[in-house]
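Undergrad: Got a sequence here, can you build the structure:
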Amino acid sequence: MQYLHDQRETDKYLAVVSNSVTFTVKESSQERFKRNSLRNWLIYEQVGQGYEVRVNLSANYANAEAELQLRTYIQGRLVYLKLADIKLDVNGDAIYKGEKALLDGTRIRLVMSGSNIKFGTAA
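TA: Model prediction:
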């Protein structure tokens, strides 16, 4: 162990600690999402042959009912078709599972009373 001499008027010595490590423990993503009131996500992910749409909104939308929609063309017109009615949980979250993966670039949206429309795109 090495010692450093305190150059001030005293004769005290300061110990130098070798091989010390300092680290910071970060909170988990789940805890951060639960407390973040600015969440506003609609996430599409392919899972096997199917897919999941994760709705991740703020707790302000707790227990809200919403409609998940898919954009498509019918007879040359752009329309949104209903995929499902969903209910958000106490954190403002929900998961919808579809059986057949959507085509790349497909647009989905969440519609609920009194809110802005949330969009997502299948990548």
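Undergrad: what bridges to Gly120?
TA: Beta-bridge partners for Gly120, by DSSP bridges, are Ile108.
Undergrad: pretty sure it contacts Ile43?
TA: Yes - using Cβ atoms under 8 Å, Gly120 is in contact with Ile43, at 6.3 Å. Just so you know, the C-beta spots here come from the backbone N, C-alpha and C atoms, and that holds for glycine as well.
Undergrad: Endpoints of stretch 81-99, how far apart?
TA: Using Cα to Cα, to the nearest Å, the span of stretch 81-99 from its first residue to its last is 16 Å.
Undergrad: Give me the contacts around it.
TA: Residues outside stretch 81-99 that contact it (Cβ atoms under 8 Å, 6 or more residues apart in numbering): 33-34, 39, 47, 49-70, 72, 108.
Undergrad: Now stretch 114-122: buried residues?
TA: Buried residues in stretch 114-122, counted by 16 or more other Cβ atoms under 10 Å: Lys118, Gly120, Ala122.
Undergrad: need these in CSV with pLDDT and distance to Gly92, can you?
TA: Compiled in CSV, the buried residues of stretch 114-122 are given as follows (pLDDT from 0 to 100; distance: Cβ to Cβ, whole Å):
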residue, pLDDT, distance to Gly92
Lys118, 76, 11
Gly120, 75, 15
Ala122, 74, 22
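Undergrad: if I look at Val79, how far off is Arg107?
TA: Note on Val79: its distance to Arg107, by Cβ to Cβ, to the nearest Å, is 11 Å.
Undergrad: ugh, wrong one, I meant Thr121
TA: Applying Cβ to Cβ, the value for Thr121 to Arg107 is 6 Å.
Undergrad: again with Tyr96
TA: 15 Å.
Undergrad: now swap in Ala62 and tell me
TA: 26 Å.
Undergrad: And those two? Which one has more around it.
TA: Remark: of Ala62 and Arg107, Arg107 carries more neighbours, 16 against 13, as counted by other Cβ atoms under 10 Å.
Undergrad: That one: what's it in contact with?
TA: Contacts for Arg107 (Cβ under 8 Å, 6+ apart) come out as Leu70, Arg71, Phe119, Gly120, Thr121, Ala122.
Undergrad: Export these to JSON lines and append columns for distance to Leu102.
TA: Putting the contacts of Arg107 into JSON lines (distance: Cβ to Cβ, whole Å) gives the following:
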{"residue": "Leu70", "distance to Leu102": "7"}
{"residue": "Arg71", "distance to Leu102": "10"}
{"residue": "Phe119", "distance to Leu102": "14"}
{"residue": "Gly120", "distance to Leu102": "10"}
{"residue": "Thr121", "distance to Leu102": "9"}
{"residue": "Ala122", "distance to Leu102": "4"}
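Undergrad: Nothing else from me, thank you.
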